[in-house]
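**Student:** the following comprises the amino acid sequence and a computationally predicted model.
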Amino acid sequence: MTPPDHPRTPRPAPAGGPPTIWHRLDLLLARIRPHREPLSLLADALVIAACWNVTYLFRLGFERWISARPDYDHWVLLGVVVTYLAAFALLRVPQAMWRFSGFGEVKRLTLACVLAGAVAAALVMGAGLSQVPRAVLALHPFVALMGLCVVRMAYRMLYEHARQRITGSEREIRRAVVMGAGAAARLLLAGIHEQGWIVLGLLDDDPAKQGARIAGVPVLGPLEAIADKAVRGAATHVVVALPSATRAQRRRALDLAAKTGLPVVTVPSVDELRTGKSRIERLREIEPEDLLGREPVRLDDSGVAAVVAGRTVLITGAGGSIGSELCRQVAQFAPARIVLYELSEFNLYTIEQELSQAFPAVELVRLIGDVKDLAHLRASFAAWRPDVVFHAAAFKHVPLMEEQHNALAALRNNTLGTWHAALAAAEAGAGRFVLISTDKAVNPTNVMGATKRAAEMVVSMMAEQYPATRFMAVRFGNVLGSSGSVIPKFKEQIARGGPVTVTHPEIIRYFMTIPEAARLVLQAGAIGESGQVLVLDMGEPVRIVDLARDLIRLAGQTTQEIPIVFSGLRPGEKLYEELLADADNTLPTAVPRLRVARLAAESGEIGELLRWAGDAALADDTDVRDALRRVVAEYRPAA
């Protein structure tokens with residue numbers, strides 16, 4: 001939604017308001033733009049009247065262009081103007097935007113002037129007004145056409161010159177109404193003009209601020225006033241500038257902004273400003289965490305530093321969505337080194353480059369490796385002797401794992417790979433091993449969920465066999481913004497012009513952000529006991545179709561422009577996910593909203609499944625599902 005930065009630098013404007021003549025000119029045009037059609041008719045009437053006089057001057061010369069006119073000429077002129085304006089209204093000329101005037105507008109004006117000129121000439125001659133020169137009646141439509149075109153071209157040239165002076169580029173001038181008139185808005189106004197923005201007004205619920213002016217910009221009313229077209233005026237964007245507001249307050253502002261049909265952008269969050277990741281005037285698109293209808297989970301990090309600081313931490317799947325965020329958060333606790341274990345060369349290079357720049361003091365070990373390769377895992381763990389292992393490597397795409405010939409790959413990677421990583425960790429003397437699991441492991445209906453549930457069983461088995469290492473699992477729901485999640489997919493579909501595909505109108509999911517997921521994993525590693533599966537109370541579920549509508553509206557579109565299409569549930573997909581932290585099935589911990597799952601007794605022999613998966617070079621999908629059913633009693637494959 002936010003246009004990218006351009007190499008040309010706009011003309012800087014001093015802080016505090018639009019000081020240049022070009023900023024003032026655009027503000028004036030923005031204020032009168034809601035009245036564009038009547039003003040266009042008025043301007044055209046003046047041009048037509050002026051061209052009538054120019055035609056007389058051309059026909060009669062300077063000496064006679066006033067004296068030789070008939071006494072009733074002013075009434076004739078009035079009738080001519082009314083005739084032209086009627087023709088313009090009929091052909092919808094006033095609805096055109098002058099700043100986009102081109103050949104199409106010239107064609108419409110030509111037709112209108114020829115039609116109006118012919119009607120006016122016929123009326124004058126039919127009324128017997130013979131003193132009006134016939135040459136004036138014949139020439140006036142063409143002179144008027146030239147005058148009307150010149151005025152429009154002059155306006156477009158002036159507008160484009162002002163745009164160049166304001167934005168420093170060919171892009172359109174962006175006019176914003178800012179929701180919020182606090183300290184953030186003041187800082188925003190001090191720098192936003194340098195990026196080519198024009199601020200038309202501010203909105204704030206504080207009655208003391210309404211009617212005031214902040215840095216020369218008026219406070220137009222409360223946040224609800226954004227629904228008023230007169231308040232929005234010629235705005236092209238809505239800016240939500242409430243970084244210190246609660247998540248519920250920000251969500252309310254986003255909902256109000258989305259209803260305007262304008263693209264919505266926001267200022268960085270308090271966390272982004274505090275950590276120096278961004279500046280207040282660097283507007284950004286709406287991120288997944290902005291759409292989360294609850295406050296983000298703030299877990300107690302006091303014990304994390306004791307577990308991570310000064311230690312060697314190994315992360316499998318280090319380049320994935322969760323793995324890379326784990327790397328970022330682990331690096332903040334100053335570990336001795338981070339061992340990045342990743343199968344994808346590109347993902348490994350990307351996260352290594354990012355960490356090297358952001359945390360130059362942290363030693364990084366880059367390893368290309370596959371968790372299905374036990375020998376390589378053993379050698380890597382023996383070489384680096386990690387104190388803490390976070391196992392994030394997994395296949396997680398539910399429909400893809402349901403497709404023919406992929407079930408064995410899911411079993412080998414998710415379950416057998418977990419056993420390999422856990423075994424290598426135990427043999428290398430790691431103090432903690434944390435498996436990243438999923439809510440799909442609760443009463444699984446698909447291969448991916450069943451293999452992750454079997455991976456949790458591996459953790460329980462390893463906890464019994466290797467008591468020197470703490471083995472635990474962390475289970476959470478859908479992660480907003482992760483690879484394969486709905487938000488990136490919806491954004492791509494909106495950018496292509498739609499449609500946005502949702503599987504079912506009633507499908508719901510529990511959501512958390514990537515940073516929340518990573519914090520949960522770190523917290524679990526700090527407080528978890530061996531053999532435990534920790535889960536997060538994730539609040540109320542979200543309807544996926546509502547999420548899609550929010551993204552469409554925040555992009556400045558409507559569901560008529562970007563339709564939503566229901567494609568049907570995919571193979572192995574549930575309509576409703578199980579509650580992750582139901583009090584009937586979990587026990588509390590010392591950390592609020594973090595609970596320990598009470599797992600049912602395991603009816604299958606996980607060791608037998610691991611041996612079968614290790615020996616099965618090729619296996620039919622039915623055989624894989626049967627093998628999983630024998631071990632994961634609650635696995636019920638979807639029809």
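**Tutor:** It's in.
**Student:** just the pLDDT for Leu628.
**Tutor:** For Leu628, the model assigns a pLDDT of 92.
**Student:** burial of it, as a residue count?
**Tutor:** When neighbours are defined as other CB atoms under 10 Å, Leu628 has 25 of them. Backbone N, C-alpha and C define where each C-beta goes, glycine included.
**Student:** ok, now which ones touch it?
**Tutor:** 411, 447, 450-451, 454, 609, 635 (CB atoms under 8 Å, 6 or more residues apart in numbering).
**Student:** before we move on, which element is it in?
**Tutor:** Using DSSP states H and E, Leu628 maps to helix 621-631.
**Student:** can you pull the buried residues of that helix?
**Tutor:** Using 16 or more other CB atoms under 10 Å as the test for burial, helix 621-631 gives 621, 624-625, 627-628, 631.
**Student:** cool, and stretch 561-571?
**Tutor:** 562, 564, 571.
**Student:** only alpha carbons, please: show that stretch as PDB.
**Tutor:** The C-alpha coordinates for stretch 561-571 follow below in PDB (Å, rounded to 0.1, in the frame of the first residue of the first chain):
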ATOM      1  CA  GLU A 561     -13.600  -5.200  -6.500                       C
ATOM      2  CA  ILE A 562     -11.700  -8.100  -4.900                       C
ATOM      3  CA  PRO A 563     -14.200 -10.900  -4.400                       C
ATOM      4  CA  ILE A 564     -13.900 -13.700  -1.900                       C
ATOM      5  CA  VAL A 565     -14.300 -17.200  -3.400                       C
ATOM      6  CA  PHE A 566     -14.900 -20.300  -1.200                       C
ATOM      7  CA  SER A 567     -12.900 -23.200  -2.500                       C
ATOM      8  CA  GLY A 568     -13.900 -25.900   0.000                       C
ATOM      9  CA  LEU A 569     -12.000 -27.600   2.700                       C
ATOM     10  CA  ARG A 570      -8.700 -29.100   1.500                       C
ATOM     11  CA  PRO A 571      -7.600 -32.700   2.200                       C
END
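**Student:** show me where the stretch 1-150 of the chain has helices.
**Tutor:** Here the stretch 1-150 of the chain has its helices, by DSSP state H, counting those that start in this stretch, at 21-32, 36-64, 73-90, 103-126, 134-167.
**Student:** and the last one, what does it pack onto?
**Tutor:** Going back to what we said before, that points to helix 134-167. Packing partners of helix 134-167 (3 or more CB pairs under 8 Å, 6 or more residues apart in numbering; DSSP states H and E): helix 21-32, helix 36-64, helix 103-126.
**Student:** select from the ones you listed the stretch with the lowest mean pLDDT.
**Tutor:** helix 21-32 (a mean of 67).
**Student:** just say helix, strand or coil for Leu314.
**Tutor:** Secondary structure, DSSP: H, G, I helix; E, B strand; the rest coil: Leu314 is strand.
**Student:** domain-wise, how is the chain divided?
**Tutor:** The chain breaks down by automatic domain parsing into domains covering 22-167, 173-286, 302-483+510-540+578-631.
**Student:** just send those domains back as a markdown table, with distance to Arg553 too.
**Tutor:** Listed next are the domains of the chain as a markdown table, based on distance: least, CB to CB, whole Å:
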| stretch | distance to Arg553 |
| --- | --- |
| domain 22-167 | 22 |
| domain 173-286 | 4 |
| domain 302-483+510-540+578-631 | 17 |
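**Student:** of all the ones you listed, which one is nearest Ala555?
**Tutor:** Relative to Ala555, the nearest member of the domains of the chain by CB to CB is domain 173-286, separated by 6.1 Å.
**Student:** where does Val596 sit, in terms of helix or strand?
**Tutor:** strand 594-597.
**Student:** counting by contacts, list what the following helix or strand past that strand packs against.
**Tutor:** Using DSSP H and E, the helix or strand that follows strand 594-597 in sequence is helix 606-615. Contacts defined by 3+ CB pairs under 8 Å, 6+ apart place helix 606-615 against helix 447-465, helix 621-631.
**Student:** give me the angle between the helix or strand following the longest one and helix 447-465.
**Tutor:** By that I understand helix 447-465. Sequence-wise, the next helix or strand downstream of helix 447-465 (DSSP H and E) is strand 470-476. Orientation check (axes from the mean of the first three to the mean of the last three CA atoms, to 10 degrees): strand 470-476 against helix 447-465 gives 160 degrees.
**Student:** paired strands for strand 470-476, with orientation please.
**Tutor:** Using DSSP bridges, the strands paired with strand 470-476 are strand 432-438 (parallel), strand 532-536 (parallel).
**Student:** and the longest one, how far out from the chain's middle?
**Tutor:** The gap between the average C-alpha position of strand 432-438 and the chain average comes to 29 Å, counting by CA atoms, centre = their mean, to the nearest Å.
**Student:** try the shortest one
**Tutor:** A distance of 30 Å separates the centroid of the chain from that of strand 532-536, by CA atoms, centre = their mean.
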